[in-house]
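Engineer: just a sequence and a predicted model for now, questions to come.
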Amino acid sequence: MSRKISVSATINGQENEFLCEPRQSLLEVLRDVLNLTGAKEGCNNGNCGACSVLLDGVLVNSCLVLGVEAQGRSITTVEGLAGDELHPLQRQFLENAALQCGICTPGFLVASKALLEKNPNPTEHEVRYFLAGNLCRCTGYDKIVKAVMAAAEEMRAKA
Amino acid sequence: MQAFSYVSAKSVSEASAILAQEGDNAKVLSGGTDIIVQLREGRRSAHVVVDVKAIPELNELSYDAAAGLTIGAAVPMHRIYGDAKLAALYPGLMDSATLIGGTAIQGRATLGGNVCTASPAGDALPTLIALNARCVVASANGTREIAIENFFAGPGRTVLQKGDLLVAFKLPAPQPNSGAAYLRFIPRNEMDIAVVSAGVSVQLSADKSTFIAARIALGAVAPTPLFVPEAGAALIGQPVGAVAVNAAAEIAKAAARPISDMRGSAEQRKHLSAVMTKRTLEIAIERARA
């Protein structure tokens, strides 16, 4: 077993220092070391998007990032979305019943946040295309897409 | 996952020294979308993983009308298609960069990784061949350039030797009246591996009536991405139109030597080789005329 490495990273806006082995993925570090269990392990090979996080603002699958790669970087997980109130995406997912079992939801929320930061007024086609790397096996995708469109509209109205 | 040590190399010489010393026990980490899965699933092993993303030369993304485009091997897809100027200059490259994986994969996956993974179906490979890319490779002996069509040795294998590091790609500046395109055939709308793909580039005469240059490459129809120089050569001097396009498509089809597997039969792939060549040529011609 290789030596643990000390890593400093900003996680959901807070400076953080943790120890991890090089073989541990960022997802394992988030869940098992930092107890941030929002990001989920679905496929663990980059197909399902349940582990989606933002790495310096860029959407990535945290199962395909090594924890040691987080050195000096900024990471946003689903735990970082809400302030005192739920993020509009989170509220619209609830209001539009855009989840059943909920395993895919953190990934969809983080991916949708990345989308709306880049494109505040997406078409339905653009939402579906951007979220194509996030899989849901319960609802189908219509309610998720509706929730993202509704959150986008709400956020544009407030902006 | 198996245990390994991790080095974030800060220079080309540091990385290539580790690769020279460790040989196959060292694995390069760029975007990680292939290598991390392979290490996790035991399909590859490593004593040391060399992260090359902090090396300046591998992060370069620069364009010069004289020198052309330099893309560092570790530049992720989202940076390539996020650059509006490059998107306008290299639409064929954008075709590939925007359909490799989903958004989260594109946040990490790199051209260098797509090339070194060397899948016959790699979505950037026919495009890079069509665009006449050259691979800049560094080792302890210095730097050399390899034409992309000569970079592949077989499925998952390249001509890189122990101690070699792929640093960047150099693409010539687009010629006037030129266009390029990449298309893949998949049974779904998105998010799949090519059954057959084609990357092409054409250059038309000033009045846009005649082909003056063309390069055509196919994916997933041979052990490596397949450059078909005779298909491009057949277009040169011909009037732009269906007759010449169909003739080039038939030559590409004749060159294809596919296998049958879970994604498609050899017969279907043969047929698709002509169809995809024709369709990509039509898009490239449209772009050259625009």
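Structural biologist: Structure received.

Engineer: nearest to chain A: which residue in chain B?
Structural biologist: Distances between chain B and chain A by C-beta to the nearest C-beta are smallest at B:G102, namely 2.1 Å. Using the backbone N, CA and C atoms, a C-beta is placed for each residue, glycine as well.

Engineer: need the three-state assignment for the residue nearest the centre of chain A.
Structural biologist: Centroid-nearest residue in chain A, with C-alpha atoms, centre = their mean: A:V110, separated by 3.1 Å. Secondary structure for A:V110, judged by DSSP: H, G, I helix; E, B strand; the rest coil, is helix.

Engineer: from A:A9, how far off is it?
Structural biologist: According to C-beta to C-beta, to the nearest Å, A:V110 stands 16 Å off from A:A9.

Engineer: tell me who's in contact with A:A152.
Structural biologist: Residues in contact with A:A152 (C-beta atoms under 8 Å, 6 or more residues apart in numbering or on different chains) are A:L116, A:P120, A:N121, A:P122.

Engineer: which SSE is A:E15 in?
Structural biologist: Take DSSP states H and E as the rule and A:E15 turns out to sit in strand A:14-20.

Engineer: briefly note if stretch A:106-115 comes near chain B.
Structural biologist: Yes: using C-beta under 8 Å from any C-beta of the partner chain, we find that stretch A:106-115 touches chain B at A:A111, A:A114, A:L115.

Engineer: got a list of contacts for that stretch?
Structural biologist: A:38-40, A:42, A:48-54, A:57-59, A:76-78, A:81, A:87, A:89-90, A:93, A:98, A:122, A:126-127, A:130-131, A:133-134, A:136, A:144, A:148, A:151, B:103-104.

Engineer: from those, list just the buried residues.
Structural biologist: A:38-40, A:42, A:48-54, A:58-59, A:76-78, A:81, A:87, A:89-90, A:93, A:98, A:122, A:127, A:130-131, A:133-134, A:136, A:144, A:148, A:151, B:103-104 (16 or more other C-beta atoms under 10 Å in any protein chain shown).

Engineer: domain assignment for chain B?
Structural biologist: For chain B, the structural domains run B:5-51, B:57-171, B:178-289, going by automatic domain parsing.

Engineer: distance between the ends of the first one?
Structural biologist: Here the two ends of domain B:5-51 are set 11 Å apart, with distance taken as C-alpha to C-alpha, to the nearest Å.

Engineer: repeat that for the second one.
Structural biologist: With C-alpha to C-alpha as the measure, the ends of domain B:57-171 fall 15 Å from one another.

Engineer: verify the stated contact: B:Q175 with B:A213.
Structural biologist: Yes: between B:Q175 and B:A213 there is a contact under C-beta atoms under 8 Å: 7.2 Å.

Engineer: okay, now the unreliable bits of chain A?
Structural biologist: A:1-2 (pLDDT under 70).

Engineer: wait, what's in contact with B:F227?
Structural biologist: Per C-beta under 8 Å, 6+ apart, neighbours of B:F227: B:I129, B:E149, B:R215, B:I216, B:A217.

Engineer: try 7 Å this time
Structural biologist: B:I129, B:E149, B:A217 (C-beta atoms under 7 Å, 6 or more residues apart in numbering or on different chains).

Engineer: model confidence score at the closest residue to the second one other than its chain neighbours, please.
Structural biologist: The reference is to B:E149. Counting by C-beta to C-beta, 6 or more residues apart in numbering or on different chains, B:F227 is the residue found nearest to B:E149 once chain neighbours are left out, at 3.9 Å. On pLDDT, B:F227 comes in at 98.

Engineer: ok, what's across the strand from B:F227?
Structural biologist: For B:F227, the beta-bridge assignment (DSSP bridges) gives partners B:A217.

Engineer: mind checking how far it is from B:V200?
Structural biologist: 11 Å.

Engineer: counting neighbours, what do you get for residue 67?
Structural biologist: In the absence of a named chain, this looks at chain A. 28 (other C-beta atoms under 10 Å in any protein chain shown).

Engineer: try again with chain B
Structural biologist: Close neighbours of B:A67, defined as other C-beta under 10 Å, add up to 12.

Engineer: contact residues of chain A facing chain B?
Structural biologist: Contact residues, chain A versus chain B (C-beta under 7 Å from any C-beta of the partner chain): A:1-2, A:5, A:21-23, A:44-46, A:49, A:52, A:58-61, A:64-66, A:68-69, A:111, A:130, A:132-133.

Engineer: give me the buried subset of those.
Structural biologist: For the residues of chain A next to chain B, buried by 16+ other C-beta under 10 Å: A:5, A:21-23, A:44, A:46, A:49, A:52, A:58-61, A:64-66, A:68-69, A:111, A:130, A:132-133.

Engineer: in strands, which of these appear?
Structural biologist: A:I5, A:S52, A:V58, A:L59, A:V60, A:N61 (DSSP state E).

Engineer: skipping its backbone neighbours, what lies nearest B:T98 in space?
Structural biologist: Spatial nearest neighbour of B:T98, chain neighbours left out: B:Y81 (5.2 Å); criterion: C-beta to C-beta, 6+ apart.

Engineer: touching, that neighbour and B:Y90? I think so.
Structural biologist: No: contact criterion C-beta atoms under 7 Å: B:Y81 and B:Y90 do not qualify, at 9.8 Å.

Engineer: compare the two (neighbour count), which wins?
Structural biologist: B:Y90 (26 against 20).

Engineer: residues contacting that one?
Structural biologist: Counted by C-beta under 7 Å, 6+ apart, B:Y90 has contacts B:L69, B:L131, B:P174.

Engineer: cool, and B:I236?
Structural biologist: B:F211, B:I212, B:A213, B:A214.

Engineer: for the last one, which non-adjacent residue is closest in space?
Structural biologist: When you say that, I think you mean B:A214. Leaving aside its sequence neighbours, B:A214 sits nearest to B:G232 (C-beta to C-beta, 6+ apart; 3.8 Å).

Engineer: and the one you found, that one's in a helix?
Structural biologist: Yes: under three-state DSSP, B:G232 sits within a helix.

Engineer: looking just at contacts, which helices and strands does the lengthiest helix in chain B meet?
Structural biologist: Scanning chain B for the longest helix, with DSSP state H as the assignment, gives helix B:266-289. For helix B:266-289, the packing partners by 3 or more C-beta pairs under 7 Å, 6 or more residues apart in numbering or on different chains; DSSP states H and E come out as strand B:178-185, strand B:196-204, helix B:242-255.
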